[in-house]
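[1] Need a 3D model of the sequence below.
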Amino acid sequence: MPLRSQRTIATFGAIKVREFVASVDLHSAPLPGDSELVGLHMVESGSIDVASAGGARRFAPGDAFLVRHEILPPTAVGANLELFSVLVPAEGLATAAPAPSEVRPVRPDSALLKATLAFARQATTSPDALGSFETYYLERLLIEMVIGVSVEGGEARPRARTRDHFADAVAVIEARLSDFELSPRVVARDVRISLRQLERAFAARSTTVGRQIRRKRVEHAAGLLTDRAYDVMTVSAIAEHSGFSNDSSLARAFAQEGFASPGRVRRVAQEAGRSHTELDEMRTEDDVSHVDTERHLHRSTH
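    Alright, predicted model coming up:
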């Protein structure tokens, strides 16, 4: 066994699945990482001590944790460490990503943790045989599964710490965009607060839970429509994958969020090379209230 090695097993777009192995104790040795990535790490053997703002924490076999890699703290690595890791873009996790100085343990009884790691392992069995569409789809699925682990599997924070109900709710919405059953009541249940509390948190930001669900779904659908990897999918299929019942409901939501029709969004993106100027022209002239959505669309198409 090598003294210390890291191996990338598979790459799915911006996601990397890796193994890290060490055969002797290594102290004050940061794990290798990539800028702007969040790592979901599972300890398979040995141990690892990870430093954080709240002090060092040891992870033993069966333990898992999430951490941002651009500021990964120094670690002490025990002999015979084997670490299985799924690295995803921090931007893709949005509000579900750990804070820059946070090391977030994952509950060992998290069902989503087991499912995510099993899915990642299965996906790495024949990565070279995958086409661009399959690779992109696996990338999206893994990001959504890691979001789910972060939201559902994270250990409970200390009670003294003030919770950000809005951020927690947005993380739930992003994790369940394609779920037809998603509703304000479901979000409140998953955040573990009353529906009235949830509505107050959104009202304080001059919006509603329903509007946020629609907006995030529209942003997701717009990203698929303007990505050539999804050209093989019909507008109806994209609508369903984004949580809409059909292409008509998707078109209505696009209009409510200030976009042109889904068909025109796709056509202009394909014919105009997705330039920022032409994407701007797809917005209705009287829309001045969705600047954040416009910026998100611009980022997702470059």
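[2] Residue 10 - that's part of a strand, no?
    Yes: counting by DSSP: H, G, I helix; E, B strand; the rest coil, residue 10 is part of a strand.
[3] Beta-bridge partners for it, please?
    The partner list for residue 10 in beta bridges (DSSP bridges) reads residue 17.
[4] List the contacts of it.
    Counting by CB atoms under 8 Å, 6 or more residues apart in numbering, residue 10 makes contact with 16, 17, 123, 124, 127. Glycine gets a C-beta too; all of them are placed from N, C-alpha and C.
[5] Can you list the low-confidence ranges for the stretch 201-302 of the chain?
    Along the stretch 201-302 of the chain, the parts satisfying pLDDT under 70 run over 272-302.
[6] please redo it, this time with the cut-off set to 50
    Applying pLDDT under 50 to the stretch 201-302 of the chain flags the ranges 274-279, 284-302.
[7] Show me the strands in it, by range?
    Using DSSP state E, counting those that start in this stretch, the stretch 201-302 of the chain contains no strands.
[8] now swap in the stretch 1-150 of the chain and tell me
    Using DSSP E, counting those that start in this stretch, strands in the stretch 1-150 of the chain cover 4-12, 15-22, 37-45, 48-50, 57-59, 64-68, 75-77, 81-89, 103-106.
[9] okay, those in a markdown table with distance to residue 146 and mean pLDDT next?
    Output for the strands of the stretch 1-150 of the chain, formatted as a markdown table (distance: least, CB to CB, whole Å; pLDDT from 0 to 100):
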| stretch | distance to residue 146 | mean pLDDT |
| --- | --- | --- |
| strand 4-12 | 12 | 79 |
| strand 15-22 | 9 | 84 |
| strand 37-45 | 5 | 89 |
| strand 48-50 | 18 | 81 |
| strand 57-59 | 17 | 84 |
| strand 64-68 | 8 | 88 |
| strand 75-77 | 21 | 64 |
| strand 81-89 | 5 | 88 |
| strand 103-106 | 10 | 88 |
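[10] Out of the contacts of residue 10, flag the one nearest to residue 243.
    Of all the contacts of residue 10, residue 123 has the smallest distance to residue 243: 23.5 Å, by CB to CB.
[11] sorry, back to before: hmm, which of the contacts of residue 10 are the buried ones?
    Neighbour counting by 16 or more other CB atoms under 10 Å classes 16, 17, 123, 124 among the contacts of residue 10 as buried.
[12] Widest-spaced pair of those residues?
    Maximum pairwise distance among the buried ones among the contacts of residue 10 (CB to CB): 11.9 Å, between 16 and 123.
[13] what's around residue 212, how many residues?
    19 (other CB atoms under 10 Å).
[14] Then the one 10 residues further on?
    In terms of burial, residue 222 registers 26 neighbours under the definition other CB under 10 Å.
[15] how close does it sit to residue 177?
    Residue 222 sits 12 Å away from residue 177, going by CB to CB, to the nearest Å.
[16] Show me how far stretch 222-237 is from its chain's centre.
    19 Å (CA atoms, centre = their mean, to the nearest Å).
[17] could I have that stretch exported to PDB, CA atoms only?
    Provided in PDB are the C-alpha atoms of stretch 222-237 (Å, rounded to 0.1, in the frame of the first residue of the first chain):
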ATOM      1  CA  ALA A 222     -34.200  27.300 -18.200                       C
ATOM      2  CA  GLY A 223     -30.800  25.700 -17.500                       C
ATOM      3  CA  LEU A 224     -31.800  22.500 -19.100                       C
ATOM      4  CA  LEU A 225     -33.400  24.200 -22.100                       C
ATOM      5  CA  THR A 226     -30.200  26.200 -22.800                       C
ATOM      6  CA  ASP A 227     -27.800  23.300 -22.400                       C
ATOM      7  CA  ARG A 228     -27.000  21.400 -25.600                       C
ATOM      8  CA  ALA A 229     -26.600  18.200 -23.600                       C
ATOM      9  CA  TYR A 230     -30.400  18.200 -23.100                       C
ATOM     10  CA  ASP A 231     -31.300  18.800 -26.700                       C
ATOM     11  CA  VAL A 232     -32.600  15.200 -26.900                       C
ATOM     12  CA  MET A 233     -35.200  15.900 -24.200                       C
ATOM     13  CA  THR A 234     -38.600  17.400 -25.300                       C
ATOM     14  CA  VAL A 235     -40.000  20.500 -23.600                       C
ATOM     15  CA  SER A 236     -42.600  18.300 -22.000                       C
ATOM     16  CA  ALA A 237     -39.900  16.000 -20.500                       C
END
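[18] For it, buried residues please.
    Buried-residue list, stretch 222-237, by 16+ other CB under 10 Å: 222, 223, 224, 225, 226, 227, 229, 230, 233, 235.
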